[in-house]
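K.L.:
Could you look at this predicted model? Sequence included:
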Amino acid sequence: MESKQIILSGSYQDTYDLGVNVAENLKSGKYGHRRVVCLRGILGSGKTVFVKGFLEGYGVSSRILSPTFTISRMYEIQNRILWHYDLYRMKDASEVIAIGIKEVLSDETTIVLIEWAEKIQELLPQTRIDIYLDVTGDSSRKIEVHVLGNI
């Protein structure tokens with residue numbers, strides 16, 4: 001199943017709500033067994049806003065902070081582990097490998113959200129969800145959701 005959907009977001013809330021929706025679709029099985037969500041876009045395009053919505057949609061009720069300086073944050077919800085990586089400060093894949101992302105990506109029981117995923121393109125599974133966020137105005141975004149791979 002490969003598909004592409006384009007969503008026009010006119011606000012922070014629209015981007016947040018899309019995150020909630022993707023999480024609900026992932027939980028319901030609409031996306032098959034996909035569990036890696038890659039976020040791509042320039043600084044300030046809404047990647048972290050999307051992640052906050054996604055984590056809420058998945059049931060995370062604790063305060064959600066961006067891991068810009070810590071690189072990753074782990075959340076445990078409904079007997080699942082969710083990892084949120086922000087690779088903005090990482091130079092290349094070797095730095096990310098050193099913090100254990102290969103093990104996380106190979107663990108079939110985890111959900112993984114990766115901001116700046118293009119920095120580790122060669123490590124990403126072929127079966128995943130890619131989210132492209134493009135700034136089109138002060139608060140508007142064009143967001144593409146690509147569901148990749150066959151499951």
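P.N.:
Received it, and whenever you're ready, just let me know what you need.

K.L.:
How many residues are close by the residue lying closest to residue 76 once chain neighbours are set aside?
P.N.:
Spatially, and ignoring its direct neighbours in sequence, residue 76 is nearest to residue 82 (7.6 Å; C-beta to C-beta, 6 or more residues apart in numbering). (Glycine included, C-beta is placed from N, CA and C.) A count of neighbours around residue 82, defined by other C-beta atoms under 10 Å, yields 23.

K.L.:
where's residue 49, which helix or strand?
P.N.:
Following DSSP states H and E, one finds residue 49 within helix 47-58.

K.L.:
and the angle from the biggest helix by length in the chain to helix 47-58?
P.N.:
In the chain, assigned by DSSP state H, the helix with the most residues is helix 12-28. Angle, helix 12-28 to helix 47-58, by axes from the mean of the first three to the mean of the last three C-alpha atoms, to 10 degrees: 50 degrees.

K.L.:
count of neighbours near residue 114?
P.N.:
Using other C-beta under 10 Å: residue 114 sits among 29 other residues.

K.L.:
which is the next helix or strand following the helix or strand of the chain with the lowest mean pLDDT?
P.N.:
The least trusted helix or strand in the chain, going by mean pLDDT, DSSP states H and E, turns out to be helix 93-98, with a mean of 83. Note on helix 93-98: by DSSP H and E, the next helix or strand toward the C-terminus is helix 101-106.

K.L.:
Now do the buried residues in the longest helix of the chain.
P.N.:
14-23, 25-26 (16 or more other C-beta atoms under 10 Å).

K.L.:
before we move on, what about stretch 131-146?
P.N.:
131-134, 141-143, 145.

K.L.:
Redo the residues you listed as JSON lines? Include distance to residue 117 and secondary structure.
P.N.:
Output for the buried residues of stretch 131-146, formatted as JSON lines (distance: C-beta to C-beta, whole Å; DSSP: H, G, I helix; E, B strand; the rest coil):
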{"residue": "131", "distance to residue 117": "9", "secondary structure": "strand"}
{"residue": "132", "distance to residue 117": "10", "secondary structure": "strand"}
{"residue": "133", "distance to residue 117": "12", "secondary structure": "strand"}
{"residue": "134", "distance to residue 117": "15", "secondary structure": "strand"}
{"residue": "141", "distance to residue 117": "17", "secondary structure": "strand"}
{"residue": "142", "distance to residue 117": "18", "secondary structure": "strand"}
{"residue": "143", "distance to residue 117": "15", "secondary structure": "strand"}
{"residue": "145", "distance to residue 117": "14", "secondary structure": "strand"}
